[in-house]
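**Q** this is a predicted model, with the sequence first.
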Amino acid sequence: MESYYESQQLPRPVIPNLPPVHLLKGQTALVTGANSGIGRAVAVALGKAGANVVVNYVTAPADAAQVVDEIVQNGGRAVAIQADVSDEAGVEAIFARTVEEFGTVDILVSNAGLQQDAPFHEMTTAQWDRVMNVNLRGAFLCSRAAVREFLRRGVRPEVSVAAGKIIFISSVHEVIPWAGHVNYATSKGGLMLLMKSLAQEVAERRIRVNSIAPGAIRTPINTDAWQTPEAYAALMKLIPYKRIGEAEEIGRTAVWLASDFTDYIVGSTMYVDGGMTLYPGFETGG
């Protein structure tokens, strides 16, 4: 079946390569859930920007190894580490191994997340708990470990003016309700206030905490939403910019947000959503 772009005779958007400037040279980035989708794109982009990259994964070690290989082929350094971010001991092990491998952690991209959808009246406590444990507890455990490392080490002015950077990968559903996905939306709403409250608390220690909130991004996990012309056309009703986002665009945003170019951005959410949060149902003037 032809793609939406082919059926409409539209050119598929070309995402420019990152400039050959190593904005993150000498720094180490830990990306959770980095063996596929947005996490993979973020890990590769950080590697291209000069960072050493820890590729965290839970399952599919071969996929994680491919991400490591891609970073190395682009001239970077990377290692894959398996751990479930909802497990406290596992998270501590990730950070211990990262410090052993690269000396410290400068950037945390807390990306690991999942959905377990159900109508609210049919949702089980297991579905609720699993989403909260990964999406919110995992973000807490990883960011706590990162803050502890940043405070231990302090600012390294030769690599960054900040002691450390934390970037949470949230969702437009931290502000947009999502019927049928109550556990997921609740976890992202909680993540928003985790980010803001943490940013407020640690800013004076030169630790910067922010979020990226993607909208509809072309990843393998959501192929049903964009694979056919009919599905794509329905999706476009929610996106004023009238195209789906690409995972590389989230990676590029993460590089920018982790760099010293954004040193005065603290406690903010970067919505990378083609305007999805602009309430497109009102685009005709109400």
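**A** It's in.
**Q** give me the phi and psi for the residue nearest the centre of the chain.
**A** Taking C-alpha atoms, centre = their mean, the centroid of the chain lies closest to residue 169, which sits 3.3 Å from it. Note on residue 169: its backbone torsions stand at phi -90, psi 110 [degrees, to the nearest 10].
**Q** try residue 24
**A** Torsion angles, degrees, to the nearest 10, at residue 24: phi -120, psi 20.
**Q** what's the closest non-adjacent residue to the residue nearest to the centre of the chain?
**A** residue 111 (4.1 Å; C-beta to C-beta, 6 or more residues apart in numbering). For the C-beta atoms, the positions are set from N, CA and C on the backbone; glycine is no exception.
**Q** go on, residue 45?
**A** residue 251 (3.0 Å).
**Q** mind checking how far whichever strand or helix holds the one you found is from the chain centre?
**A** Assessed by DSSP states H and E, residue 251 sits inside helix 247-258. Counting by C-alpha atoms, centre = their mean, to the nearest Å, helix 247-258 is centred 9 Å from the centre of its parent chain.
**Q** same thing with stretch 197-209?
**A** Distance, centroid of stretch 197-209 to centroid of chain: 19 Å (C-alpha atoms, centre = their mean).
**Q** so for that stretch, mean pLDDT?
**A** The predicted model assigns stretch 197-209 a mean pLDDT of 98.
**Q** neighbouring contacts of it?
**A** In this structure, residues lying in contact with stretch 197-209 by C-beta atoms under 8 Å, 6 or more residues apart in numbering are 143, 147, 150-151, 155, 161-166, 168, 195, 210, 262-263, 265-267.
**Q** can you list the buried residues in it?
**A** Residues 198, 199, 202, 207, 208, 209 are the ones in stretch 197-209 that count as buried (16 or more other C-beta atoms under 10 Å).
**Q** looking at the residues you listed, which are in strands?
**A** 207, 208, 209 (DSSP state E).
**Q** how about those residues in TSV, adding distance to residue 177?
**A** Output for those, formatted as TSV (distance: C-beta to C-beta, whole Å):
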residue	distance to residue 177
207	31
208	29
209	25
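**Q** understood, closing this out.
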